[in-house]
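>>> Can you look at this prediction? I've put the sequence above it.
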Amino acid sequence: MTSRTRGIGTALASTLLMLTLVGCGTPAASNSTSSQTSSSASAKPAHHRHKNKKLLRIHGSVTSVSSTVLSINTKKGKTFTFALTSKTKYHMKKATSSLSAVKTGVKVVVVARRSKTGNPTAVMVRIL
């Protein structure tokens, strides 16, 4: 190998390294994103958006329940009311449950679809 080909190889290697670190954004950009994600994940609110932005996930205690409406209170004192349908699923301890298991004072997690008019519709109610 001549000194000229060695110089071209070194220049090429350093250029590739620089593009990887700066231009392509793989290591540097992913580190900044993960640090933002972990800081926001540590401050978990009583309610937040589900991965699907049209869904809400709310934690709270049941304040009232009927065949068509479920109301819950969060730890922060907010009250949420959800419409219940025949398609609403109920789960307790990894098993399927029913609306009859949802009683006043029981802690639940509700996943609900946002509605442009009226209350969000409960898709799933997990009884804790």
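That came through fine. Residues are numbered from 1 along each chain as shown.

>>> ok, then the element right after the longest strand anywhere in the chain?
Of all the segments of type strand in the chain, defined by DSSP state E, the longest one is strand 55-65. Taking DSSP states H and E as the definition, the helix or strand that follows strand 55-65 towards the C-terminus is strand 69-73.

>>> Just the mean pLDDT for that next one, thanks.
This predicted structure assigns strand 69-73 an average pLDDT of 97.

>>> Check which helices and strands it is in contact with.
Helices and strands touching strand 69-73, by 3 or more CB pairs under 8 Å, 6 or more residues apart in numbering; DSSP states H and E, are strand 55-65, strand 79-83, strand 107-113. Yep, even glycine has a C-beta here, placed from its N, CA and C like the rest.

>>> please redo it, this time with the cut-off set to 6 Å
Contact partners of strand 69-73 among helices and strands, from 3 or more CB pairs under 6 Å, 6 or more residues apart in numbering; DSSP states H and E: strand 55-65, strand 79-83.

>>> Can you list the buried residues in the first one?
Residues of strand 55-65 classed as buried: 56-60, 62, 65 (neighbour count, 16 or more other CB atoms under 10 Å).
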